[in-house]
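K.L.:
mind folding the following:
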Amino acid sequence: MSDPGPHPQKPRARSGVVVPEQPRWHGRLAARILHTLVLGLDASIRWDLRDDSGFMAPGCTDRVIFTTWHNRLALTLPIYWRASRGHTVPRRLATLVSASRDGGLLAHTLTLLGAEPVRGSSSRRGAQALRELLAATHRGCDIALTPDGPRGPKYHAQEGAILAAQLSGLPLIPVGCRLDWHRALGSWDSFQVPLPFTRCQIRFGARLLVPRETDAGGREELRVELERRLRELNPD
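P.N.:
Reported below is the predicted structural model:
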């Protein structure tokens, strides 16, 4: 996941190390308001989930990497909550969020919602963020990523999700999200904001495995395959 805000600010750097921006008091207040709005909107949506991955099976204990397009990330946590309800062991989710100040607002909101934000992106703090994501998997977290984030191009999967799957050994699950009613923002990804009382159709696609020994050519083939599956699951 990454910040959908249109103009992220550059994170601070100390001694050559990028330090993620943290929200100030008004940012924390905005996060609490956003948290309340998300809970209210979530309660109003009519959810329709279909699972072809096996994640929703009550006995599933496998950790996984969820992937969906950047313009659907507003639905990520509500989907995850519902998909993991039948599990006997509580699930936790780590998500990738921009290291910018706008990302700080989103990160604080996600923390209030029970997720574990990891700050970074492909352009800023990427290597450190990848290490922190891998560390989160060792603590028992699933991961959520947007392969075309944080800056696109729209619906073009980058290699980051494939690399995370290879290094962690976790399977990728492509996720399809279709809203009957939504508002598309004027951002690069046409970010989708669900409208109250809409119906949301969710489909978890079949798992995609990335073997440890995969070389650069193999990663490219799997990147193309992940992009194909996400496009198929998310027809606009």
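K.L.:
remind me, longest strand of this structure?
P.N.:
Taking DSSP state E as the criterion, the chain has its longest strand at strand 172-179.
K.L.:
packing partners of that strand?
P.N.:
Packing partners of strand 172-179 (3 or more Cβ pairs under 8 Å, 6 or more residues apart in numbering; DSSP states H and E): strand 65-67, helix 160-168, strand 192-194, strand 199-204, helix 216-233. C-betas here are computed from N, CA, C, even on glycine.
K.L.:
let's have the ones you listed in TSV, adding distance to His108.
P.N.:
Formatted as TSV, those follow (distance: least, Cβ to Cβ, whole Å):
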stretch	distance to His108
strand 65-67	21
helix 160-168	23
strand 192-194	19
strand 199-204	25
helix 216-233	28
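K.L.:
out of the ones you listed, which is closest to Ala144?
P.N.:
strand 65-67 (4.6 Å; Cβ to Cβ).
K.L.:
quick check: next helix or strand after that closest one?
P.N.:
For strand 65-67, the following helix or strand on the C-terminal side (DSSP states H and E) is helix 76-83.
K.L.:
could you give the angle of that next one to strand 172-179?
P.N.:
Inter-element angle recorded for helix 76-83 and strand 172-179: 100 degrees (by axes from the mean of the first three to the mean of the last three Cα atoms, to 10 degrees).
K.L.:
run through who's touching helix 76-83.
P.N.:
Contact partners of helix 76-83, identified using Cβ atoms under 8 Å, 6 or more residues apart in numbering, comprise 1, 38, 42, 45, 47, 49, 51, 55-56, 66, 68, 91, 93, 95, 110, 113-115, 142, 144, 175, 177, 202, 204.
K.L.:
low-confidence ranges, this structure, go.
P.N.:
For the chain, the stretches flagged by pLDDT under 70 are 1-23, 25, 101-102, 122-125.
K.L.:
kind regards, and thank you for your time.
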